[in-house]
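Asker: what follows is a predicted structure for the sequence shown.
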Amino acid sequence: DAKTTQPTSMDCAEGRAANLPCNHSTISGNEYVYWYRQIHSQGPQYIIHGLKNNETNEMASLIITEDRKSSTLILPHATLRDTAVYYCIVREIGRNAGNMLTFGGGTRLMVKP
Amino acid sequence: EPEVTQTPSHQVTQMGQEVILRCVPISNHLYFYWYRQILGQKVEFLVSFYNNEISEKSEIFDDQFSVERPDGSNFTLKIRSTKLEDSAMYFCATGRLTYEQYFGPGTRLTVT
């Protein structure tokens, strides 16, 4: 089962920042937070991942709380093409860790003009 | 930018038939995965494959399923005797390292 909780849906105005929350209160010390998105029925697309520090790349920023029990994915200037289902996934990384991704229901983000 | 490709994009088959879904991974990727998504449901892990053997598999991946890299490049998923409930989108994912997975566009399998 997914170890994360996300709102079912959110709306965002085009050009504004989209802030997508994720709760992972049972996260363990060696588990990372990953974000993927799925546009319509396409394959999931990797966005970003982090352990405890905030991360930023060309797509988004990831803010992880100090206690690591929650995080927020930020799309700084949402466009209509960012309309998708966003998945927050917690997984362990390491030699003996399983590599499977466990997807939950995600947040359906609707970017509106 | 290199991408994972999958063929066919849509496969229609009759119940009981065998199907083979193909994936061409990104060059130099060593880790391979199959996932499926039944219409309206979550993306589900099926199997992971590394160094020519299965690393992990889920309960869904029963004896009707098999995977291989027949020619060192393509990565295939075979369903021996398809059932109606196998109808789904099947996604291949590959990665160079254990912590990355890049997904292909998927194959829509329809079993009639």
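Answerer: Thanks, I have the structure now.

Asker: rest of the way, CA atoms for contacts and neighbours
Answerer: OK.

Asker: ok and the residue in chain B nearest chain A?
Answerer: Of all residues in chain B, B:Pro105 sits closest to chain A, at 4.7 Å by Cα to the nearest Cα.

Asker: and the helix or strand bottoming out on mean pLDDT in chain B, what does it pack against?
Answerer: When each helix and strand of chain B is scored by mean pLDDT, DSSP states H and E, strand B:53-57 comes last, with a mean of 92. Contact analysis of strand B:53-57 by 3 or more Cα pairs under 8 Å, 6 or more residues apart in numbering or on different chains; DSSP states H and E lists strand B:43-50 as its packing neighbours.

Asker: gap between the residue nearest the centre of chain B and A:Glu66?
Answerer: The centroid of chain B falls nearest to B:Trp34 when counting by Cα atoms, centre = their mean (3.6 Å). Distance, B:Trp34 to A:Glu66, using Cα to Cα, to the nearest Å: 34 Å.

Asker: counting neighbours, what do you get for the residue of chain B closest to chain A?
Answerer: 22 (other Cα atoms under 10 Å in any protein chain shown).

Asker: might one say that it is in contact with A:Gly43?
Answerer: Yes - contact criterion Cα atoms under 8 Å: B:Pro105 and A:Gly43 qualify, at 4.7 Å.

Asker: what residues are shared contacts of those two?
Answerer: B:Phe91 (Cα atoms under 8 Å, 6 or more residues apart in numbering or on different chains).

Asker: quick one, helices of chain B?
Answerer: For chain B, applying DSSP state H gives no helices.

Asker: returning to that earlier point: got the phi and psi for the residue of chain B closest to chain A?
Answerer: phi -80, psi -10 (degrees, to the nearest 10).

Asker: show me the contacts for it.
Answerer: Residues near B:Pro105 by Cα under 8 Å, 6+ apart: A:42-43, B:4-6, B:9, B:91.

Asker: from the residues you listed, which would you call buried?
Answerer: Neighbour-count burial (16 or more other Cα atoms under 10 Å in any protein chain shown) applied to the contacts of B:Pro105 gives A:42-43, B:4-6, B:91.

Asker: how about the residues of chain B near chain A?
Answerer: Proximity of chain B to chain A, by Cα under 8 Å from any Cα of the partner chain, involves residues B:41-45, B:47-48, B:56, B:91, B:98-99, B:101-106.

Asker: 7 Å instead?
Answerer: Neighbours of chain A within chain B, by Cα under 7 Å from any Cα of the partner chain: B:42-45, B:91, B:98-99, B:102-106.

Asker: returning to that earlier point: surely the residue nearest to the centre of chain B meets B:Thr94?
Answerer: No - counting by Cα atoms under 7 Å, B:Trp34 does not reach B:Thr94; the two are 8.9 Å apart.
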